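# need a 3D model of the following:
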Amino acid sequence: AGSSEKPTEEKKEPLTDAKAAEEMAVRQPNEASPLVGGVSDETLTSAKEKMQAGISLASLVIIAVVKVQVTARLFESAHYPTAYSMWSCVITCICLVPLFIARPSLWAVPTWEMKDVLTLIVIFTAADLGFTNIALANIPTAVQQSIASTNPFWTILLETFLYRKYAHIVTYVTVVLIIIGAILAAQAPSHRDGNATLGLASACIAVLCSASKAVFTHSAFKKFKSQMGAMPLLFWVDIFMLPFYIVATLILQSEGRPELVTFFGTRTHSRIHAHNTQTHQHHLRAHTHNALSLLLARAVECFQSAGLFWAMTFTAALGGARALAGFFVLSFVTATSTSTANILAQILNILVSIPLQHLVMPASMVVGVTTVIASVAFYAFIKAYKPFLPEVDAKLEANGLQVLMLTKLDVPSVPGAAALPGAEAKPAPS
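Below you'll find the model as predicted:
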């Protein structure tokens with residue numbers, strides 16, 4: 001027994017020494033360790049990813065706020081929002097072309113299988129963008145953003161009634177409060193010389209189209225993600241939206257002329273520029289005898305004027321940057337974090353626009369805007385802090401209030417809902 005124990009001890013010692021030496025070697029800094037003391041590559045990668053996520057989210061919020069504020073400011077002197085929506089599509093496509101040339105792997109062409117869902121995306125996006133700009137041109141930005149904040153309510157409502165996908169009772173209460181706040185906020189005074197009724201109606205149509213796009217297209221388009229990425233999707237959606245806007249701008253009137261013609265005939269208020277414009281226009285009219293040539297001449301004239309035209313172009317480019325920033329952020333953070341950033345941007349737009357537009361707020365609007373901001377902030381908290389709703393469920397169950405736990409219900413969807421696009425969508429967001 002004694003002889004068998006001794007060899008065992010002799011064998012253990014070298015193993016222990018080797019293991020200790022190995023641990024010491026790992027702890028010692030080397031050329032691969034950027035910091036003395038040995039910070040692991042995983043820690044550095046994690047820190048870098050967090051920094052990238054933070055910068056991308058901050059960029060998204062800043063671009064979103066600047067885009068809305070600049071657009072609203074622009075419409076104070078240029079009241080043709082539909083033509084601006086068309087120009088935004090043109091500039092976005094122009095900005096995307098160099099990216100496709102630099103990285104051909106990003107390019108993709110829609111397939112025939114995509115036609116149904118892509119058609120819905122184009123229709124809903126065109127209506128969302130167009131009516132949002134009409135709303136910004138006619139009502140205060142704070143009111144427009146308050147109405148836009150009701151998007152979660154309409155999304156959850158559609159999924160509840162069409163697919164019987166119930167959200168949490170706390171979520172329902174929160175989005176209903178957003179609606180109440182938006183109704184109170186809509187009691188704002190008329191915006192400049194705008195049509196308040198048209199602006200409010202446009203804001204409501206825009207948010208309904210945005211919610212419908214989320215319900216009917218986002219989940220349905222997932223199966224095509226491997227065939228088409230975010231950038232080519234944005235490019236083709238903007239291309240397909242152009243015919244809608246061209247027709248709309250030829251029908252809608254601005255200053256007694258079709259909005260498209262007025263847009264390309266923009267002048268600045270400078271006397272010198274007005275004189276040069278009249279002289280140049282007279283020369284062009286002497287050589288143009290049909291409407292198409294006159295429209296092209298106005299476009300050339302508009303390019304020469306700089307001023308308001310270039311302000312339109314810059315603002316339109318911001319719209320494309322806003323969309324690209326949204327897609328870029330999703331590569332660093334989750335969709336929930338992106339949604340929370342968008343909610344933060346809406347809150348900031350409401351707060352920033354009130355002093356910028358010198359908005360006189362009646363008591364009802366103060367209550368409404370405050371309710372919207374508080375409810376939207378709480379909704380963002382619900383989405384960001386996942387353990388909150390399960391904790392609420394546990395308390396409801398402990399107090400015998402299981403009837404309020406709507407997410408536990410199993411109710412069949414309405415007849416025919418399974419055939420709708422997005423029927424296989426995930427449950428309504430909390």
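
# which neighbouring elements make contact with the helix or strand residue 396 falls within?
Using DSSP states H and E, residue 396 sits within helix 388-398. Other helices and strands packing on helix 388-398, by 3 or more C-beta pairs under 8 Å, 6 or more residues apart in numbering; DSSP states H and E, are helix 169-185, helix 363-384. Where C-beta positions appear, they are placed from N, C-alpha and C, glycine not excepted.

# Throw those helices into CSV and include mean neighbour count and distance to residue 123, thanks.
Compiled in CSV, these are given as follows (neighbours: other C-beta atoms under 10 Å; distance: least, C-beta to C-beta, whole Å):
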stretch, mean neighbour count, distance to residue 123
helix 169-185, 20, 24
helix 363-384, 19, 27
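
# of the ones you listed, which approaches residue 233 most closely?
Among these, the nearest to residue 233 by C-beta to C-beta is helix 363-384 (24.3 Å).

# can you list the buried residues in the strand or helix carrying residue 129?
Secondary structure assignment for residue 129, by DSSP H and E: helix 115-138. Under the neighbour-count criterion of 16 or more other C-beta atoms under 10 Å, helix 115-138 has 117-118, 120-138 buried.

# from the contact counts, what lies against it?
helix 41-74, helix 81-102, helix 141-148, helix 196-216, helix 230-251.

# so which of these comes closest to residue 165?
helix 196-216 (9.8 Å).

# mean confidence score for that closest one?
Taken as a whole, helix 196-216 has an average pLDDT of 88.

# which parts of that helix are buried?
Residues 196, 199-216 are the ones in helix 196-216 that count as buried (16+ other C-beta under 10 Å).

# who touches it?
Here helix 196-216 makes contact (C-beta atoms under 8 Å, 6 or more residues apart in numbering) with 120-121, 124-125, 127-132, 134-135, 137-139, 143-144, 147-148, 150-151, 154-155, 157-159, 162, 186, 188, 190-191, 420-422, 425.

# flag the shaky bits of the stretch 151-300 of the chain, pLDDT-wise.
Counting by pLDDT under 70, the low-confidence segments of the stretch 151-300 of the chain come to 188-194, 218-220, 265-300.

# CA atoms only: put stretch 385-400 into CSV for me.
In CSV, the C-alpha atoms belonging to stretch 385-400 read as follows (Å, rounded to 0.1, in the frame of the first residue of the first chain):
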residue,chain,number,x,y,z
TYR,A,385,-37.1,45.8,-20.0
LYS,A,386,-38.3,42.3,-20.9
PRO,A,387,-38.8,41.0,-17.3
PHE,A,388,-41.4,43.7,-16.5
LEU,A,389,-44.5,42.1,-18.1
PRO,A,390,-43.8,38.6,-16.6
GLU,A,391,-43.5,40.2,-13.2
VAL,A,392,-46.9,41.9,-13.7
ASP,A,393,-48.4,38.5,-14.8
ALA,A,394,-47.0,36.9,-11.6
LYS,A,395,-48.7,39.5,-9.5
LEU,A,396,-52.0,39.1,-11.4
GLU,A,397,-51.9,35.4,-10.9
ALA,A,398,-51.0,35.7,-7.2
ASN,A,399,-54.1,38.0,-6.7
GLY,A,400,-56.4,35.7,-8.7
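
# buried residues, it. List them.
388-389, 392-393, 396.

# let me know the closest of those to residue 243.
When the buried residues of stretch 385-400 are compared against residue 243 (criterion: C-beta to C-beta), the nearest one is residue 389, at 44.2 Å.

# the closest one: what's its closest spatial neighbour, skipping adjacent residues?
Counting by C-beta to C-beta, 6 or more residues apart in numbering, residue 168 is the residue found nearest to residue 389 once chain neighbours are left out, at 5.0 Å.

# neighbours of that neighbour, how many?
Residues near residue 168, counting by other C-beta atoms under 10 Å, number 21.
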